[in-house]
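Trainee: This is the structure alone, sequence omitted:
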């Protein structure tokens, strides 16, 4: 009798646990879409002083060769502290210095803090044979932790950072301070 009561109690509890865990939002899932990213789940956001920045993740054409001809339609990014201005930017190609070559998309965006944000591109970008850079451009008036990141370590091309003060593209991991992360920037590519 005791075993029947225990089994009768635990089976419904187990079923409820399965249902609730399957309802959890998976930040890496969209039916039929492929994601291009370097990051893992959000961990934090590095603190930066007052200024204007562009943080980017570069994807070489070799990393998405299987997606060539398909459209980049959305960009997900994690924001911790809301900056005074923010833009989603996409660059195509890499110049002779190893920096973004051509800005092909830029839109001012309103963002929510302490959350993932999604920007749907007003004009989808067809992936071809050029590198793609997904970027978040922002200005902050004081020290803030704006663009989210994973706990690292930094992957090649996952932590590009432009600081208006020095006007140079340098990966954050090479800027000093021992910050080794990947930006929470993800591109979603439409199904075939």
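Mentor: That came through, no problem. Not measured: the values here are computed from a predicted model.

Trainee: what bridges to residue 76?
Mentor: residue 118, residue 186 (DSSP bridges).

Trainee: For it, give me the pLDDT.
Mentor: On pLDDT, residue 76 comes in at 98.

Trainee: Also residue 30?
Mentor: Reported pLDDT for residue 30: 84.

Trainee: do residue 5 as well
Mentor: Value for residue 5, per-residue pLDDT: 47.

Trainee: Check the offset of stretch 94-102 from the chain's centre.
Mentor: Relative to its chain's centre, stretch 94-102 lies at 21 Å (Cα atoms, centre = their mean, to the nearest Å).

Trainee: got it, and stretch 48-59?
Mentor: Distance, centroid of stretch 48-59 to centroid of chain: 12 Å (Cα atoms, centre = their mean).

Trainee: Give the buried residues for it.
Mentor: Across stretch 48-59, burial judged by 16 or more other Cβ atoms under 10 Å covers 48, 53, 54, 55, 56, 57, 58, 59. Backbone N, C-alpha and C define where each C-beta goes, glycine included.

Trainee: Closest to residue 155 out of those residues?
Mentor: Nearest to residue 155, judged by Cβ to Cβ, of the buried residues of stretch 48-59 is residue 57 at 9.0 Å.

Trainee: Doesn't the closest one lie inside a strand?
Mentor: Yes - assessed by DSSP: H, G, I helix; E, B strand; the rest coil, residue 57 belongs to a strand.

Trainee: if we can go back for a sec, need the buried residues of stretch 48-59 in a markdown table (columns: pLDDT).
Mentor: Shown next, in a markdown table, are the buried residues of stretch 48-59 (pLDDT from 0 to 100):
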| residue | pLDDT |
| --- | --- |
| 48 | 96 |
| 53 | 98 |
| 54 | 98 |
| 55 | 98 |
| 56 | 98 |
| 57 | 98 |
| 58 | 98 |
| 59 | 98 |
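
Trainee: Can you check the pLDDT for the closest residue to residue 149 other than its chain neighbours?
Mentor: Once flanking residues are discounted, residue 149 sits nearest to residue 181: 3.7 Å by Cβ to Cβ, 6 or more residues apart in numbering. For residue 181, the model assigns a pLDDT of 98.

Trainee: what about residue 181, neighbour count?
Mentor: Neighbourhood size, residue 181 [other Cβ atoms under 10 Å]: 25.

Trainee: Show the contacting residues for it.
Mentor: 43, 46, 149, 150, 151, 152, 153, 154, 158, 159, 172, 173 (Cβ atoms under 8 Å, 6 or more residues apart in numbering).

Trainee: again, but for residue 182
Mentor: 38, 39, 40, 57, 149, 150, 152, 154, 155, 158, 159.

Trainee: Wait, the fifth one touches residue 40, no?
Mentor: If I follow you right, that is residue 149. No - look at residue 149 against residue 40 with Cβ atoms under 8 Å: they stay out of range, at 9.4 Å.

Trainee: buried subset of the contacts of residue 181?
Mentor: 46, 149, 150, 152, 154, 158, 159, 172, 173.

Trainee: can you tell me how far residue 183 sits from residue 122?
Mentor: For residue 183, the distance to residue 122 equals 22 Å [Cβ to Cβ, to the nearest Å].
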